[in-house]
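[1] Here is my input; please provide its structure:
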Amino acid sequence: MTQLSILLTHQHRLISIAAVLDVFESVNNFYKLRQQAPFFDIQLVCLDTPENDHTIYGYHPRCITTVHETDLVLIPAFSTADLQQAIAANQGFLPWLRQQYQQGAEIGSFCTGAFLLAASGLLNNKKATTHIMSSEEFAKAFPEVLLYEDKVITIDHGIYTSGGATNSFHLLLFLLEKYCGREIAVQTAKMFSIDMDRESQSHFSSFLPPKNHQDNLVIEAQQLIESKYHQANTVEEIIVNMPSSRRNFVRRFKHATGITPIVYLQRTRIEAARKLLEQTNQSVTEVMLNAGYNDIKAFRTLFRKNLGLSPREYREKFNKRSVASKLGV
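    Model (predicted):
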């Protein structure tokens, strides 16, 4: 029987653990219906010694000091936006994670759980992904990790990560196929109505640039870009009156926001185009022009690069009328 350890972290996201338990318990039931032994021995692992009769989700949690060996460790997403504080609250798991990996265990994280996995050092020089809205914070906190922010899942030497929210199910299906075989993975996908072919999470992203950096010059430039992105052809036209040399301005801007002014302008335009495709019936050409572009080929290329879909595909997926027509309402 495969020993599965699910970390009962402080500030874990309830739905993250519930989803993992639901999937693996369902798989065990598949085996029982075939008159076979359950495939996974599931346990919740916590930092503190639990009370004798205390149960969570129907399980008696085990303290990590009593779990000496396991085959697979899964780290749930965090429920807090203060991810550094969440890491601090769960520091006690880090030596145990390193020990289990050294002993041959495989380890996976879901969504923002990747922050705890990265804090262990096990992701250094390995591929990883996380919730796309937390990617910039992750990249700054863990520069030695090879972040693929658009990926749904990553796989690297027995270390697995998944993107945000429902992307967790895609990692679960991958692990089920690896451990139990394709038939069980497909059966699980059908039971939970999960598409098995998602490769990118880029189209779930939104551009929410930081503005709490205290650099007033950069804040002014951000406001100018966001108000004039559809009028100017270059960043220079927008910041022409900035009281700073171009070199110094670019340095300050990147330090404050994490990206260059030209990338900021591009992402502001793509964000505007995204909203127009979601909320209006403007043609793709009209959306392009209103977002500040005048080359349809370049616009489509940049849009796909940033969101993983063409403008038309994005509209079909997220526009209210397009969705309603598919549902027949």
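
[2] Show me where the stretch 101-250 of the chain has its helices.
    For the stretch 101-250 of the chain, the helices defined by DSSP state H, counting those that start in this stretch cover 114-119, 135-141, 167-180, 182-192, 216-228, 235-238, 246-257.

[3] Can you tell me which of the ones you listed is most buried?
    helix 114-119 (a mean of 26; mean count of other C-beta atoms under 10 Å). From N, CA and C alone the C-beta is placed, and that goes for glycine too.

[4] In the stretch 51-200 of the chain, mark out all the strands, start to finish.
    With DSSP state E, counting those that start in this stretch as the criterion, the stretch 51-200 of the chain has strands at 62-63, 72-75, 106-109, 127-128, 146-147, 153-156, 159-162.

[5] Show me how far stretch 82-101 is from its chain's centre.
    19 Å (C-alpha atoms, centre = their mean, to the nearest Å).

[6] Figure out the length between the terminal residues of it.
    27 Å (C-alpha to C-alpha, to the nearest Å).

[7] Of all the residues in it, which ones are buried?
    For stretch 82-101, burial by neighbour count (16 or more other C-beta atoms under 10 Å) applies to L83, A86, I87, A89, N90, F93, L94, W96, L97, Q100, Y101.

[8] Of all residues in the chain, which one is nearest the centre?
    H131 (1.8 Å; C-alpha atoms, centre = their mean).

[9] Distance of that one relative to V186?
    27 Å (C-beta to C-beta, to the nearest Å).

[10] Give the residue spans of the stretch 1-150 of the chain that score low on pLDDT.
    Within the stretch 1-150 of the chain, the set of residues satisfying pLDDT under 70 comprises 50-53.

[11] what domains does the record give for this structure?
    2-204, 216-326 (automatic domain parsing).

[12] So which of the ones you listed is nearest P210?
    domain 216-326 (6.1 Å; C-beta to C-beta).

[13] hang on, the earlier thing: isn't the residue nearest to the centre of the chain up against T166?
    No. With contacts counted by C-beta atoms under 8 Å, H131 stays clear of T166, the gap being 11.1 Å.

[14] Quick check: which ranges of the stretch 151-300 of the chain have low pLDDT?
    Looking at the stretch 151-300 of the chain by pLDDT under 70, you get 196-206.

[15] do that again at 80, thanks
    165, 195-208, 210, 232-236, 238-242, 244 (pLDDT under 80).

[16] ok, back up a step: for the helices of the stretch 101-250 of the chain, give me CSV that also has distance to Q3.
    Formatted as CSV, these follow (distance: least, C-beta to C-beta, whole Å):
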stretch, distance to Q3
helix 114-119, 19
helix 135-141, 29
helix 167-180, 11
helix 182-192, 18
helix 216-228, 50
helix 235-238, 55
helix 246-257, 45
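
[17] L8: which of these is closest?
    helix 114-119 (12.4 Å).

[18] so what's the residue nearest to the centre of the chain up against?
    A77, C111, T112, G163, G164, A165 (C-beta atoms under 8 Å, 6 or more residues apart in numbering).

[19] Not counting residues beside it along the chain, what's closest to it?
    The shortest distance from H131 to any residue other than its chain neighbours is 3.3 Å, reached at G164 (C-beta to C-beta, 6 or more residues apart in numbering).

[20] In this structure that neighbour contacts S109, no?
    No. Applying C-beta under 8 Å, one finds G164 not in contact with S109, separated by 11.7 Å.
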